[in-house]
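[1] with the sequence up front, the predicted model follows.
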Amino acid sequence: MSNPHATVLVVDDEIRSIEAIQRVLSDEFEVIGARNAREAEEVLEGEMVQVILCDQRMPGESGVEFLKRVRELWPDTIRIIISGYTDSADIIEGVNNAGIYQYITKPWSPDKLIDCVRESANLWRLQHEVTDMRIEVKPASEALQKVISDRRRSQSQSFGFDRIIHRNDSPLVDAISLARRAARYDVSVLVTGASGTGKELLARAIHQESSRAEKSFVVENCGALPDDLLESELFGCKKGAYTGAYQDRIGLFELADNGTIFLDEIGETSPAFQVKLLRVLQEGEIRPLGAQRPRKVNVRVIAATNRDLLAEVAAGRFRRDLYYRLAAFPIHMPALRDRVQDIPAIAARILTQINQSFNRQVSGFHPRTLDLMAAYGWPGNVRELHNEIQRMTVLSEGNAPLAPDLLSPAIRNGETAAVVPAGEARQLKDIVAEVEKAAIEAALMRHDGNISRSADELGLSRVGLRSKIERYDLRRYRDDETD
């Protein structure tokens, strides 16, 4: 698994080489370029860099010579040399004196380059989390200390309980109160509720206010993969463990060691997989596919489901012992229709985000619009509300408050579900597609085509975003070429 937050520094005197590597890696990593050692050291002084890719043949100072100094000043950074020459003396000196992790020869393969950087980022993370060390910095590097502090503060502001919008009389108050209590103690939490009610947002807030806040929070949708792939994703695998296992894979449980793992849609797992997950929770250890020995992990589990798991237990589709392992502290997220008092504040927050996304300045909602939104049932919960406001914004002209006639017919007519004639449904589908295409294109433009950051903003997976890029023929944002 890659680390989407890892920063990679590329040092090369050829700008085209830097740009080629940036195109390949920027989907999954923050990539910074430097033309020489001096520029690279300035970056290292002010940024938390996990991996360095350095060209060997540069004017004035070789890559190995530069990385020797990096090893002394920034010893935790994983160091990789790229060279068009296979000089064995350079390789030996790099490994012995500069602590080189990998030696990549030109012309490099994009897939191999990505795999190498992924492994390096995972190695950096594991070194820090398994040994529970803080990042080693020079005493004089106040800029780097500030970067770390700012990032932690930003994460707390982005995912804390204060980001969950609700009024004081909202039924969500009880759920948040329970979650705050659960956050203080290392207990498993089961978050229930319909799709789109904010279960992952609550899980992130629990992690952020727990003693594990400075460690990893990783997410897996258990309903999205078959058993063998889900087991490999969560527990890891050894090279050759099954067809297609071309390299060792570090599982999410191991990446989340000393942190939190969020298992979404846990009710969709098979009985066979439930047995394996139960063993991990009971023993506190994982066994990667194909591995001879288990590995100890210390992970807090937060699970979520939109199913009635007790009913699933009664029906024999979910293991009772696993249910009680996961549901040590159950929390229910109410549906949006049960907290209509929160809709104006949620809608305002969503509109602010959409204004920023579309470069608009829509000034709010007409009072009648809010009345109709409060009367609607919102079967898709906050996700549906977001899509509706996005659609209204696209249909609106100027910056006036969003008028009631911009609402979808089902909401405008006070229906509880959208039942419209086939022709109108097709028209609405076309409008929604245009809205989605515009939102995707705007996000990609803002992030210079970076798939990972655009997908995060849009609430999509990288695979899902690539699929939509193909669907809407946004070919200039495809990242399957290296030059």
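    It's in.
[2] just checking, Tyr472 touches Ile440?
    Yes: shown here, Tyr472 and Ile440 form a contact pair, counting by C-beta atoms under 8 Å, at 6.7 Å. Every C-beta, even on glycine, is put in place using the N, C-alpha and C of the backbone.
[3] more neighbours: which of those two?
    Neighbour count, other C-beta atoms under 10 Å: between Tyr472 and Ile440, Ile440 has more, with 22 against 16.
[4] and the more buried one, what element?
    Here Ile440, judged by DSSP states H and E, is contained in helix 422-446.
[5] so for that helix, mean pLDDT?
    Taken as a whole, helix 422-446 has a mean pLDDT of 68.
[6] any low-confidence regions in the stretch 101-250 of the chain?
    Scanning the stretch 101-250 of the chain for pLDDT under 70 picks out 127-159, 239, 241-248.
[7] all helices of it, in order?
    110-130, 142-159, 172-183, 199-208, 227-235 (DSSP state H, counting those that start in this stretch).
[8] next secondary structure element downstream of the helix holding Ile440?
    Note on helix 422-446: by DSSP H and E, the next helix or strand toward the C-terminus is helix 451-458.
[9] so which elements touch the helix or strand just after that next one?
    Going down the chain from helix 451-458, the next helix or strand is helix 462-471, by DSSP H and E. Here helix 462-471 touches helix 422-446, helix 451-458, going by 3 or more C-beta pairs under 8 Å, 6 or more residues apart in numbering; DSSP states H and E.
[10] now with 7 Å, please.
    When contacts are defined as 3 or more C-beta pairs under 7 Å, 6 or more residues apart in numbering; DSSP states H and E, helix 462-471 sits against helix 451-458.
[11] between the helix it packs on and helix 462-471, how many degrees?
    Orientation of helix 451-458 against helix 462-471 (axes from the mean of the first three to the mean of the last three C-alpha atoms, to 10 degrees) gives an angle of 90 degrees.
[12] mind exporting helix 451-458 as PDB, just the C-alpha atoms?
    What follows is helix 451-458, C-alpha atoms only, in PDB (Å, rounded to 0.1, in the frame of the first residue of the first chain):
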ATOM      1  CA  ILE A 451      -5.500  12.300  -9.200                       C
ATOM      2  CA  SER A 452      -5.100  11.500  -5.500                       C
ATOM      3  CA  ARG A 453      -5.800  15.100  -4.200                       C
ATOM      4  CA  SER A 454      -8.700  15.500  -6.600                       C
ATOM      5  CA  ALA A 455     -10.200  12.200  -5.600                       C
ATOM      6  CA  ASP A 456      -9.900  13.100  -1.900                       C
ATOM      7  CA  GLU A 457     -11.700  16.400  -2.500                       C
ATOM      8  CA  LEU A 458     -14.500  14.800  -4.500                       C
END
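[13] how far away is Asp308 from Arg383?
    Noted for Asp308: a distance of 21 Å to Arg383, by C-beta to C-beta, to the nearest Å.
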